[in-house]
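Student: how would this look folded up:
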Amino acid sequence: MKIALLGSIPKGDDIRTGWTDWKEEYKRAIRQALPNAQFVDGDAISDNAGPEMVVGHDLAMIKQADICVVDAQSKIGAGTAQEIVFAKHLRKPVVIVIPKDTHHRKTNAIFDGVTVKDWIHPFLNISSDYVAESPEDAARWIADFTANDETTQIKDFSIFEQAIEHYEGSKHALASHPDQE
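Tutor: Have a look, this model is predicted:
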């Protein structure tokens, strides 16, 4: 089982000073559930290789992976977001770790006077096959998925088209908002 670890990586040597590598916690948790798991991540290539090499590396890594695990315990960046979309294009299982009351997940968030008990960023929620609260929770889902993968429905790129259709079929479509015409 090859697992791609997706998430924030420091951009520059100066920022790496004092940085704690989140990937080690994920590897420990997943190896407890799946001792033979192998890992690939974006830290295997340096940005000094150039944009095309970095993007090529990261997308090839996702292509090779059996499952993608995303660290969203803090705010994710543009690269991670695009990697998630690419994983859905390839119909790869995506597990996103978003603990409650962090940047991308809020308890009792209020929008226009309506309380959403467990708000998860809409793009991450739609793109994820499972939203985990911790690396250990993600590891449990991966172990269950591995044991029962033929019964688990994995989302693909069509989830985005389905979201558009859902929106366009609703009473909230852009055409009903005069200020957005």
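Student: ok, then the element right after the helix or strand of the chain with the lowest mean pLDDT?
Tutor: For the chain, scoring each helix and strand by mean pLDDT, DSSP states H and E identifies helix 13-16 as the least confident one, at a mean of 77. Remark: after helix 13-16, the chain's next helix or strand is helix 23-33, criterion DSSP states H and E.
Student: centre of the chain to that following helix, how far?
Tutor: Per Cα atoms, centre = their mean, to the nearest Å, the displacement of helix 23-33 from the mean C-alpha position of its chain is 17 Å.
Student: which neighbouring elements make contact with that helix?
Tutor: Counting contacts by 3 or more Cβ pairs under 8 Å, 6 or more residues apart in numbering; DSSP states H and E, helix 23-33 packs against strand 2-6, strand 38-41, strand 67-71, helix 135-148. For the C-beta atoms, the positions are set from N, CA and C on the backbone; glycine is no exception.
Student: in the first one, what counts as buried?
Tutor: Read it as strand 2-6. 3-6 (16 or more other Cβ atoms under 10 Å).
Student: that one - what's its average pLDDT?
Tutor: In this model, strand 2-6 carries a mean pLDDT of 97.
Student: list the pairing partners of it within its sheet, with orientation.
Tutor: On the basis of DSSP bridges, the sheet neighbours of strand 2-6 come out as strand 38-41 (parallel), strand 67-71 (parallel).
Student: hmm, who's touching the longest one?
Tutor: Yep, that's strand 67-71 we're talking about. Applying Cβ atoms under 8 Å, 6 or more residues apart in numbering, the external contacts of strand 67-71 come out as 1-8, 22-23, 26, 30, 62, 76, 80, 83-84, 87, 92-97, 124, 128, 135, 138, 142, 145.
Student: and after it, which helix or strand comes next?
Tutor: Beyond strand 67-71 in the direction of the C-terminus, DSSP H and E gives the next helix or strand as helix 78-89.
Student: could you check the angle strand 2-6 makes with that next one?
Tutor: Put simply, helix 78-89 runs at 140 degrees to strand 2-6, going by axes from the mean of the first three to the mean of the last three Cα atoms, to 10 degrees.
Student: quick check: next helix or strand after helix 78-89?
Tutor: Scanning onward from helix 78-89 (DSSP H and E), the first element met is strand 94-97.
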